[in-house]
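[1] okay, sequence plus prediction incoming.
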Amino acid sequence: MASTDEQLEANFTEAANNWNLEKLYVDLAVAKGRGLTPVEKKFLRGLLCGYSPAEIAAQVYKSGSSSAVRVYLSNGLYKYIQDLLLQQGGSGMAIKNWSRITNLLEKAGYKLPYGQQGVADYQPESSQPSTDVRQAIDKYQEWQGGIAVEVFYGRQKELTQLNEWIVEEGCRLIAILGMGGIGKTALATKLAEQAAPQFESLIWRSLRSSPRLEDFLEDLVQSLGEQQPISLPITVGGKISWLMAYLRSHRCLLVLDQVEAILRPHELAGGYREGYEAYGHLFTRLGEECHKSCCLVTSREKPKDIAILAGTKLPIRTFQLDGLNTEECIKLFQIKCQSGLEPEQESIVRLYANNPLLIKIAATTIQDIFDGDVTEFLTEGTIVFGDIRELLDQQFNRLSPIEKQLMYGLAIEPRLEMLPVGSEALVSGMSKWQRLEALESLQRRSLIERKSTSFTQSPLLKVYVIQKLTDQMVQEMSAKDVALLVGRTLTSLLFNDNQSKPAATNQNGTLTSLAATNEDVVPKS
């Protein structure tokens, strides 16, 4: 009786009789950027034989359920075939139906001439790949949702540190954290490229679309399981157990990008959105259980389970990513805009807190709107606009009401002592423990910086927050008694040049509350 492996390898072998499989494998590998996996080859042969996804599932997995096969085809082969045909001068029209595949590939010349059909010998999956793709499939890599990083400056120190954690110290779970635009995804891409040779496989997944954990795990298993038929447990916990068993027996680098998409907004940082709590169990098991793989996470805020598990000497660690150094930021600026004196370019870098994305946005605006005149842009005095405001809005609008209240307080009074006597006076109505929780949450979101026993905002964030507060006051003035706003004394505070002066106080010696009369005066999310 034939073994299971032999049976699987025999699936859809008749495709080799009618199609130039070897050439098609090579060309699709070029379109994909790396070699096809065994399961991709198997599904491709099924399509070339004229089988539907349901029929492929029935033969490969002994199941009539075609959902997993459909997902695999939509996220993989359909896109590779579309790209291949586009490279050959095709229309580039999206492929959404399996029945079009044979017709499209026949027109592209991959079907054997009539006289040669039935003559070709099928080459089994285990045979040596062609020279063109051997390099690509020696180490299996799948970058679903990954980005191309054509320009990458600096970060050598960060790359060295993180590579040591992964390769030399065997960390199981690492979170790269930082504000939006700071370069987390680009750094993770370069790090994964460097570390990949140390692993059997590299799997990159973006969580930007907020996939449910069950769907995410099923998709992941399709990539990791290759050609073996896999009967997954029904429960999410069972699926996580399957993944952990795989990570114990195989050395895999798993990268999860943009994890903030599954975290809950409008509450303190790190909690999960409703229906996504099981991701916390996944992170806990990735960190606590012994395995020889590594999971690399990027996020704008720190998930609470990772915050609890992480430690400087533990195999679960967090890496806070700060801005690029000034020299590298100037190089980025000059890619978009080569005008301006060096002191002016340095001013741009400081204004945008060495944030690579914000600097590139500003440089584009200077080039397109100000005709490259850096001096005129600086004279204009508007540093929060357009895409920059949108990026900051994305993070600010996720804050809880108490975090917004504290951000307003920090913008008005630039130093917030951590535990001074009478510190409740800064924001009335907020207890000491509420203040500490809000501070910790804002720090986990990379929106404030701790200096000694104080917390501060960057100058850019301070300008942004004051603009938000000013806009809110203008809206209130159109609907409420002006006398009420004057009584809050906030207008004078916003434009007080002497930052060393204490905030305006009421008769009790405390700052007039931003939440006076228990009304939410922060901008609505």
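    Structure's in. What do you need?

[2] look at Glu449 and say how many residues are nearby.
    Number of residues near Glu449 (other C-beta atoms under 10 Å) recorded here: 16. (C-beta placed from N, C-alpha, C; glycine too.)

[3] do the same with Ile412
    Look at Ile412: counted by other C-beta under 10 Å, it has 22 neighbours.

[4] and Ile369, by the same measure?
    Ile369 sits with 14 neighbouring residues when counted by other C-beta under 10 Å.

[5] in space, what's closest to Gln334 - neighbours in sequence excluded?
    Excluding the flanking residues, the one nearest Gln334 by C-beta to C-beta, 6 or more residues apart in numbering is Gln345, at 7.6 Å.

[6] look up how far Phe333 lies from that neighbour.
    Distance of Gln345 to Phe333, computed by C-beta to C-beta, to the nearest Å: 6 Å.

[7] what's the answer for Phe370, then?
    Distance, Phe370 to Phe333, using C-beta to C-beta: 14 Å.

[8] just the pLDDT at Arg248, thanks.
    Here the pLDDT value assigned to Arg248 is 91.

[9] mind checking which helix or strand the closest residue to it other than its chain neighbours is in?
    Distances taken as C-beta to C-beta, 6+ apart place His291 nearest to Arg248, at 4.5 Å, with adjacent residues excluded. In the assignment (DSSP states H and E), His291 maps to no helix and no strand.

[10] for the one 5 residues further on, same thing?
    With the criterion set as DSSP H and E, the secondary-structure element containing Leu296 is strand 294-299.

[11] neighbouring strands for that strand, and are they parallel or not?
    strand 173-177 (parallel), strand 252-257 (parallel) (DSSP bridges).

[12] how about the first one: buried residues?
    So that's strand 173-177. Neighbour counts over strand 173-177 (16 or more other C-beta atoms under 10 Å) mark 173-177 as buried.

[13] beyond that strand, next helix or strand please.
    Downstream of strand 173-177, the next assigned helix or strand under DSSP H and E is helix 184-195.

[14] would you agree Leu11 falls within a strand?
    Slight slip there: residue 11 is Asn, not Leu. No. Counting by DSSP: H, G, I helix; E, B strand; the rest coil, Asn11 is not found in a strand; it is coil.

[15] which residues touch it?
    42, 45-46, 59-60 (C-beta atoms under 8 Å, 6 or more residues apart in numbering).

[16] please redo it, this time with the cut-off set to 6 Å
    Residues in contact with Asn11, defined by C-beta atoms under 6 Å, 6 or more residues apart in numbering, are 42, 59.

[17] give me the pLDDT for it.
    The model reports Asn11 with a pLDDT of 71.

[18] how far away is it from Gly46?
    7 Å.

[19] if we can go back for a sec, angles on the backbone of the residue nearest to Gln334, please.
    Dihedral pair for Gln345: phi -70, psi -40, per degrees, to the nearest 10.

[20] re the thing from before, tell me which of the strands paired with strand 294-299 approaches Thr318 most closely.
    Among the strands paired with strand 294-299, the nearest to Thr318 by C-beta to C-beta is strand 173-177 (4.7 Å).

[21] for the closest one, which outside residues touch it?
    With C-beta under 6 Å, 6+ apart as the test, strand 173-177 has contacts from 165, 184, 188, 286-287, 295-299, 302, 306, 316-321.

[22] tell me which stretches of the stretch 151-300 of the chain form helices.
    Ranges of helices in the stretch 151-300 of the chain, per DSSP state H, counting those that start in this stretch, are 156-163, 184-195, 213-224, 236-249, 278-288.

[23] for Tyr140, which of the ones you listed is the nearest?
    Closest approach to Tyr140 among the helices of the stretch 151-300 of the chain (C-beta to C-beta): helix 213-224, 8.4 Å.

[24] what angle do strand 252-257 and the closest one make with each other?
    Calculated by axes from the mean of the first three to the mean of the last three C-alpha atoms, to 10 degrees, helix 213-224 forms an angle of 140 degrees with strand 252-257.

[25] helix 213-224 vs helix 278-288, what angle?
    Here helix 213-224 runs at an angle of 50 degrees relative to helix 278-288 (the same axes, to 10 degrees).

[26] mind listing what's buried along helix 213-224?
    Neighbour-count burial for helix 213-224, with 16+ other C-beta under 10 Å as criterion, is recorded at 213, 216-224.

[27] try stretch 45-58
    Going by neighbour count (16+ other C-beta under 10 Å), the buried part of stretch 45-58 is 45-49, 51-58.

[28] out of those, which sit inside helices?
    Under the assignment DSSP state H, the buried residues of stretch 45-58 contribute 45-48, 53-58 to helices.

[29] and of the strands paired with strand 294-299, who's closest to Ile81?
    Smallest distance to Ile81 across those (C-beta to C-beta): 25.5 Å, for strand 252-257.

[30] next one: the closest one to chain centre, how far?
    11 Å (C-alpha atoms, centre = their mean, to the nearest Å).

[31] just give the nearest non-adjacent residue to Leu268, would you?
    Once chain neighbours are set aside, the closest to Leu268 by C-beta to C-beta, 6+ apart is Ser441, at 4.1 Å.

[32] any idea which helix or strand comes after the one helix or strand that neighbour maps to?
    Here Ser441, judged by DSSP H and E, is contained in helix 432-444. The helix or strand immediately downstream of helix 432-444 is strand 449-451, counting by DSSP H and E.

[33] what does that following strand contact?
    Thr456.

[34] from the buried residues of strand 173-177, which two are the most distant?
    Leu173 and Leu177 (12.8 Å).

[35] ok, which stretches of the stretch 51-200 of the chain are strands?
    Assigned by DSSP state E, counting those that start in this stretch, the strands in the stretch 51-200 of the chain fall at 140-144, 173-177.

[36] for Trp204, which of the ones you listed is the nearest?
    Proximity to Trp204 (C-beta to C-beta) singles out strand 140-144 among these, at 4.4 Å.

[37] give me the contact list for the closest one.
    With contact meaning C-beta under 6 Å, 6+ apart, strand 140-144 is reached by 34, 201-205, 223.

[38] from the residues you listed, which has minimum pLDDT?
    When the contacts of strand 140-144 are sorted by pLDDT, the bottom entry is Arg34 at 74.

[39] ok, how many other residues are close to that residue?
    Neighbour count of Arg34, defined by other C-beta under 10 Å: 17.

[40] how about the one 10 residues further on?
    Number of residues near Leu44 (other C-beta under 10 Å) recorded here: 25.

[41] now it: how far from Gly109?
    Here Leu44 is placed at a distance of 16 Å from Gly109 (C-beta to C-beta).

[42] angles on the backbone of Thr318, please.
    For Thr318, the backbone dihedrals (degrees, to the nearest 10) come out as phi -120, psi 150.
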